[in-house]
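> coords please:
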Amino acid sequence: VPDSPTLDITTGITMATWVQPQRVATQHLIHKGNNGGPEAYELSLGQPGRPFVRFNQQTNGNLYRLDATQSYPSDGTTWMHLAATYDGATIKLYVNGLLDSSKTATLTIATNDQPLGLGSQSDGQYLLQGAMDDARVYGRGLSSGESATRAGFTLTLTIAASAGSGGSIVGIYDGEAMYE
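Sure, this is the predicted structure:
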């Protein structure tokens, strides 16, 4: 995808895609920049077999990297949905519509004049072996409910509670968590 000012996202972002990997290796799914050059953001599959999101690698190394706790499939037949968000305070990684891991961070996402790579970095390196579908980049951090809905997942919330005699229960769901 050619560089564009709309891809220079600095304060909040969501990257999301469906992926069907055929091997365990470092493979970039959504990548603005190139390793060793000016980098901004990436959603990738890692060598140890886990998806990850990373920001500003050239200047900060892995300070703003967040790895998933679960492995990705590599059989070439299983699809999984990945979404990574940053809302100005927290980096979050979702796997199949559910929050997998999160990390508090305060950063300004770097900008560059590199194309946006889909299925590899923009120079064709770290190519995905497998299939990818419905890759998206949003200029804000979507909530967990928005991420799941846009991926086609339905979140089910089940509450079992008893207030006892004369009591009452009030709940508010904001798309992220339940509050009383």
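
> just the helices in the protein please.
57-60, 144-150 (DSSP state H).

> Could you export these as CSV, including mean pLDDT and distance to residue 28?
In short, each C-beta sits where N, CA and C put it, glycine included. Output for the helices of the chain, formatted as CSV (pLDDT from 0 to 100; distance: least, Cβ to Cβ, whole Å):
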stretch, mean pLDDT, distance to residue 28
helix 57-60, 84, 11
helix 144-150, 78, 20
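
> Looking at those helices, which is nearest to residue 15?
helix 144-150 (10.4 Å; Cβ to Cβ).

> Of all the helices of the chain, which one comes closest to residue 26?
Shortest distance between residue 26 and these, using Cβ to Cβ, is found for helix 57-60: 12.3 Å.

> can you give me the offset of the closest one from its chain's centre?
Its chain's average C-alpha position is 18 Å from that of helix 57-60, according to Cα atoms, centre = their mean, to the nearest Å.

> sorry, back to before: is it possible to export the helices of the chain to a markdown table including distance to residue 39 and mean neighbour count?
Converted to a markdown table, those look like this (distance: least, Cβ to Cβ, whole Å; neighbours: other Cβ atoms under 10 Å):
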| stretch | distance to residue 39 | mean neighbour count |
| --- | --- | --- |
| helix 57-60 | 5 | 16 |
| helix 144-150 | 23 | 19 |
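
> give the contact list for residue 138.
Residue 138 is in contact with 13, 14, 15, 16, counting by Cβ atoms under 8 Å, 6 or more residues apart in numbering.

> ok, which pair from the residues you listed is furthest apart?
Every pair of these checked by Cβ to Cβ; the farthest is 13 and 16, at 10.4 Å.

> So the two - more neighbours on which side?
Ranked by neighbour count (other Cβ atoms under 10 Å), residue 13 and residue 16 place residue 13 first, with 27 against 22.

> what sits in contact with each of residue 13 and residue 16?
With Cβ under 8 Å, 6+ apart, residue 13 and residue 16 have common neighbours 84, 138.

> one step back: pLDDT and distance to residue 42 for the contacts of residue 138 - can I get that in CSV?
As requested, the contacts of residue 138 are exported to CSV (pLDDT from 0 to 100; distance: Cβ to Cβ, whole Å):
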residue, pLDDT, distance to residue 42
13, 96, 11
14, 96, 13
15, 96, 8
16, 96, 13
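
> Which of these fall within strands?
The strands, defined by DSSP state E, take in 13, 14, 15, 16 from the contacts of residue 138.

> For the first one, give the beta-bridge partners.
In this structure, residue 13 bridges to residue 86 when assessed by DSSP bridges.

> Out of the contacts of residue 138, flag the one nearest to residue 106.
For the contacts of residue 138, with residue 106 as the reference and Cβ to Cβ as the criterion, the closest is residue 13, at 14.4 Å.

> Just to check, that closest one is in contact with residue 139?
Yes - at 6.6 Å, residue 13 and residue 139 qualify as touching, with contact defined as Cβ atoms under 8 Å.
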